[in-house]
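Novice: From the sequence below, what's the structure:
(one chain, ligands or ions: 2)
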Amino acid sequence: MASAAAPTTLSLLKTTSSSSSSSTRARPSLLPVSSAGLRSTSLRRLGFAAADPILTRHVASKIQSFGSGKASRAVVLMAKKSVGDLTAADLKGKKVFVRADLNVPLDDNQNITDDTRVRAAIPTIKHLIQKGAKVILSSHLGRPKGVTPKFSLAPLVPRLSELLGIQVVKADDCIGPEVEKLVASLPEGGVLLLENVRFYKEEEKNEPEFAKKLASLADLYVNDAFGTAHRAHASTEGVTKFLKPSVAGFLLQKELDYLVGAVSNPKRPFAAIVGGSKVSSKIGVIESLLEKCDILLLGGGMIFTFYKAQGLSVGSSLVEEDKLGLATSLLEKAKSKGVSLLLPSDVVIADKFSPDANSKVVPSSAIPDGWMGLDIGPESVKTFSGALETTKTVIWNGPMGVFEFDKFAVGTEAIAKKLAQLSGKGVTTIIGGGDSVAAVEKVGVADVMSHISTGGGASLELLEGKELPGVLALDEAIPVAV
Ligand SMILES: Nc1ncnc2c1ncn2[C@@H]1O[C@H](COP(=O)(O)OP(=O)(O)O)[C@@H](O)[C@H]1O
Ligand SMILES: O=C(OP(=O)(O)O)[C@H](O)COP(=O)(O)O
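Specialist: Numbers count the residues shown, from 1 in each chain. Ligands and ions are numbered 1, 2, ... in the order given. From the prediction side, this is the model:
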């Protein structure tokens with residue numbers, strides 16, 4: 001992935017707040033506040049347009065304001081302690097329980113078909129190895145009901161070993177005497193991969209006794225499993241009650257940096273592109289982004305609910321009849337917030353939901369009966385691309401059409417290419433997980449984006465402004481003063 005196109009909230013603050021920083025910026029004056037104390041007035045006073053639900057509820061625990069007058073700036077420090085904050089002495093010879101999300105797709109021969117999550121987990125593990133820690137690596141795979149061989153983490157061992165440059169040892173369990181023996185024989189810089197933590201039902205139930213057993217294996221805890229951070233499970237949340245310190249890994253930190261930091265305090269103009277099948281699954285995201293973005297582009301199956309709400313005929317396109325009122329209110333909200341909301345002006349329609357359907361391009365206002373819209377049309381691609389041209393930050397969640405069928409993947413692929421082009425020009429481009437990531441990968445432009453989220457559900461919840469239990473449970477970087 002491309003390196004950060006812009007200093008993110010977190011890295012900016014880390015620089016300015018460090019006592020050894022060579023920054024020539026005015027010395028920051030500290031305004032310690034609690035998360036609960038971050039109200040709209042304090043945010044407005046510090047330069048934010050309005051209270052930001054994500055910032056207030058999720059990450060903010062300290063504001064630093066520096067400079068004065070018109071030049072004054074305010075940034076919010078992400079307050080979760082990170083593995084990078086631990087010293088060499090904190091780590092050398094220490095047993096570190098690392099929860100990663102190694103939930104990768106496997107084919108029938110147990111080969112990994114997409115190793116993105118494995119590669120994303122490497123920086124934290126390598127860092128710990130280099131610091132002489134003993135890494136106890138834990139993950140789930142799939143949704144097994146009890147011990148299920150096809151959900152074993154064994155297929156991960158060769159790829160992890162290759163990427164880390166050392167032989168990773170695999171345990172057949174994740175707790176118990178055999179695991180304890182393997183931990184005891186783990187050398188400094190060694191990595192022990194525990195078996196699928198979901199082989200125990202206690203994991204998803206977040207049972208304290210099970211969490212305690214996991215915790216008893218180690219001296220400290222690192223959560224780098226962003227894709228699972230929205231789950232309050234024993235290995236993501238419960239374990240933090242028994243292991244201190246409990247800190248964020250580099251991947252988790254980067255995800256928060258972009259999905260919270262860059263989105264909450266973006267370089268403007270800030271555009272959001274939201275697609276996917278249904279309005280109902282994206283209401284929270286749209287509402288949350290309407291508070292922050294300057295431009296909102298809508299695509300995918302959800303647009304037909306908006307058209308119908310405006311009185312247009314939509315043929316047999318996907319429509320959520322019970323969300324027509326909601327669509328109207330979202331359009332009104334965009335207007336009242338001064339957000340430029342664009343719906344596609346033309347669509348690609350099909351005579352059936354099939355990869356070999358007959359298709360044609362029609363204006364959005366002229367969808368005949370019996371036909372369904374499966375992609376945005378060429379005129380819309382042009383309009384959307386033009387609207388994105390001057391942006392400085394773009395976030396994308398959800399495909400523009402049924403991109404799984406080549407015939408209806410054109411709009412999605414065009415948007416992916418446009419974002420790649422913008423990224424090359426220094427625009428911060430964030431792909432918010434799920435199917436949009438698959439689309440970006442299909443086009444082969446994943447590497448040029450500023451950030452591609454490794455979590456579908458987790459990124460969606462974060463963008464909606466929800467709290468992620470796996471993040472909340474981690475230690476604060478700086479004590480919160482109330
Ligand atoms: N016009 C459309 N009609 C029906 N389904 C669509 C349409 N456009 C996109 N989709 C489907 O939406 C799905 C993705 O929706 P969703 O899960 O909400 O997005 P994401 O996974 O990116 O969050 C894809 O499977 C895609 O085929
Ligand atoms: O793949 C995952 O989530 P995602 O499909 O929402 O990206 C995570 O590993 C979480 O898995 P879960 O949804 O079974 O808890």
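Novice: Contacts only, for the closest residue to ligand 2 within the stretch 101-250 of the chain.
Specialist: Taking Cβ to the nearest ligand atom as the measure, the point where the stretch 101-250 of the chain comes nearest ligand 2 is Asn103, at 3.4 Å. The way it works is simple: take the backbone N, C-alpha and C, and place the C-beta from them, glycine included. With Cβ atoms under 8 Å, 6 or more residues apart in numbering as the criterion, the residues that contact Asn103 are Arg117, Ser139, His140, Leu141, Gly142, Gly227, Thr228.
Novice: Neighbours of the residue in the chain that ligand 1 sits nearest to, how many?
Specialist: Nearest residue of the chain to ligand 1: Gly276, at 2.5 Å (Cβ to the nearest ligand atom). Other residues within reach of Gly276 by the criterion other Cβ atoms under 10 Å amount to 21.
Novice: Ramachandran coordinates for it?
Specialist: Here the main-chain torsion angles of Gly276 (degrees, to the nearest 10) amount to phi 100, psi -180.
Novice: Would you confirm that it contacts Gly300?
Specialist: Yes: A contact is recorded between Gly276 and Gly300 when judged using Cβ atoms under 8 Å, the distance being 4.7 Å.
Novice: so what's in contact with the two at the same time?
Specialist: Taking Cβ under 8 Å, 6+ apart as the contact rule, Gly276 and Gly300 both touch Gly398, Pro399.
Novice: mind listing the strands for the stretch 101-250 of the chain?
Specialist: Listed in chain order, the strands of the stretch 101-250 of the chain (DSSP state E, counting those that start in this stretch) span residues 134-138, 169-170, 191-193, 220-223, 246-248.
Novice: a markdown table for these, including mean pLDDT, mean neighbour count and distance to Asp107?
Specialist: A markdown table is the format used below for the strands of the stretch 101-250 of the chain (pLDDT from 0 to 100; neighbours: other Cβ atoms under 10 Å; distance: least, Cβ to Cβ, whole Å):
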| stretch | mean pLDDT | mean neighbour count | distance to Asp107 |
| --- | --- | --- | --- |
| strand 134-138 | 98 | 27 | 23 |
| strand 169-170 | 98 | 18 | 20 |
| strand 191-193 | 98 | 23 | 20 |
| strand 220-223 | 98 | 27 | 29 |
| strand 246-248 | 98 | 26 | 32 |
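Novice: Take these and write them to CSV, including distance to ligand 1.
Specialist: Rendered in CSV, the data for those read as follows (distance: least, Cβ to the nearest ligand atom, whole Å):
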stretch, distance to ligand 1
strand 134-138, 26
strand 169-170, 32
strand 191-193, 29
strand 220-223, 23
strand 246-248, 24
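Novice: Test my guess that Leu460 contacts Gly434.
Specialist: Yes: Leu460 lies in contact with Gly434 (Cβ under 8 Å); the separation is 7.0 Å.
Novice: Please identify which of the two sits among more neighbours.
Specialist: Here Leu460 and Gly434 are set side by side on neighbour count (other Cβ under 10 Å), and the busier one is Leu460, at 23 against 19.
Novice: follow-up on the earlier one: touching both of Leu460 and Gly434, which residues are there?
Specialist: Shared contacts of Leu460 and Gly434, counting by Cβ under 8 Å, 6+ apart, come down to Asn397.
Novice: which stretches of the stretch 201-350 of the chain have low pLDDT?
Specialist: Applying pLDDT under 70 to the stretch 201-350 of the chain flags no residue at all.
Novice: For it, which residues are neighbours of ligand 2?
Specialist: Residues of the stretch 201-350 of the chain lying close to ligand 2 (Cβ under 6 Å from any ligand atom) are Gly227, Thr228, Arg231.
Novice: what's the second one in contact with, if anything?
Specialist: Put plainly, it is Thr228. By Cβ under 8 Å, 6+ apart, the contact set of Thr228 is Arg99, Asp101, Asn103, His140, Thr236, Gly455, Ala458, Gly470.
Novice: can you pull the contacts of the fifth one?
Specialist: By that I understand Thr236. Counting by Cβ under 8 Å, 6+ apart, Thr236 makes contact with Arg99, Asn223, Ala225, Thr228, Ala229, Pro469, Gly470, Ala473.
Novice: give me phi/psi at the first one?
Specialist: In this entry, Arg99 is assigned phi and psi values of phi -90, psi 110 (degrees, to the nearest 10).
Novice: Tell me, how many residues neighbour it?
Specialist: A count of neighbours around Arg99, defined by other Cβ under 10 Å, yields 32.
Novice: Check what pLDDT it gets.
Specialist: Per-residue confidence at Arg99 stands at 98 (pLDDT).
Novice: Likewise for the last one?
Specialist: According to the predicted model, the pLDDT of Ala473 comes to 97.
Novice: In contact with it, which residues?
Specialist: With contact taken as Cβ under 8 Å, 6+ apart, Ala473 is in contact with Asn223, Thr236, Glu237, Thr240, Lys241, Ser246.
Novice: out of these, who's nearest Leu343?
Specialist: Thr236 (38.2 Å; Cβ to Cβ).
Novice: Name the nearest residue to that closest one, sequence neighbours excluded.
Specialist: Gly470 (4.0 Å; Cβ to Cβ, 6 or more residues apart in numbering).
Novice: could you dump the strands of the stretch 101-250 of the chain to JSON lines with distance to Val348?
Specialist: As requested, the strands of the stretch 101-250 of the chain are arranged in JSON lines below (distance: least, Cβ to Cβ, whole Å):
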{"stretch": "strand 134-138", "distance to Val348": "45"}
{"stretch": "strand 169-170", "distance to Val348": "48"}
{"stretch": "strand 191-193", "distance to Val348": "46"}
{"stretch": "strand 220-223", "distance to Val348": "43"}
{"stretch": "strand 246-248", "distance to Val348": "43"}
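Novice: Can you give me the neighbour number for the residue of the stretch 301-450 of the chain found nearest ligand 2?
Specialist: The shortest separation between the stretch 301-450 of the chain and ligand 2 is 6.0 Å, found at Gly433 (distances taken as Cβ to the nearest ligand atom). When neighbours are defined as other Cβ under 10 Å, Gly433 has 27 of them.
Novice: Look up the pLDDT of it for me, please.
Specialist: 80.
Novice: A strand includes it, no?
Specialist: No: residue state for Gly433 (DSSP: H, G, I helix; E, B strand; the rest coil) corresponds to coil; a strand is not indicated.
Novice: Now it: phi and psi?
Specialist: For Gly433, the backbone dihedrals are phi 90, psi 170 (criterion: degrees, to the nearest 10).
Novice: what do you get for Asp351?
Specialist: The main-chain torsion angles of Asp351 are listed as degrees, to the nearest 10 and equal phi -90, psi -10.
Novice: which parts of stretch 446-461 are buried?
Specialist: Of the residues in stretch 446-461, those scored as buried under the neighbour-count criterion (16 or more other Cβ atoms under 10 Å) are 446, 448-456, 458-461.
Novice: Can you flag which of those residues belong to helices?
Specialist: Assignment to helices by DSSP state H places the following of the buried residues of stretch 446-461 there: Gly456, Ala458, Ser459, Leu460, Glu461.
Novice: what's the closest non-adjacent residue to the second one?
Specialist: Okay, so that is Ala458. Closest residue to Ala458 in three dimensions, ignoring its sequence neighbours and counting by Cβ to Cβ, 6+ apart: His230, at 4.5 Å.
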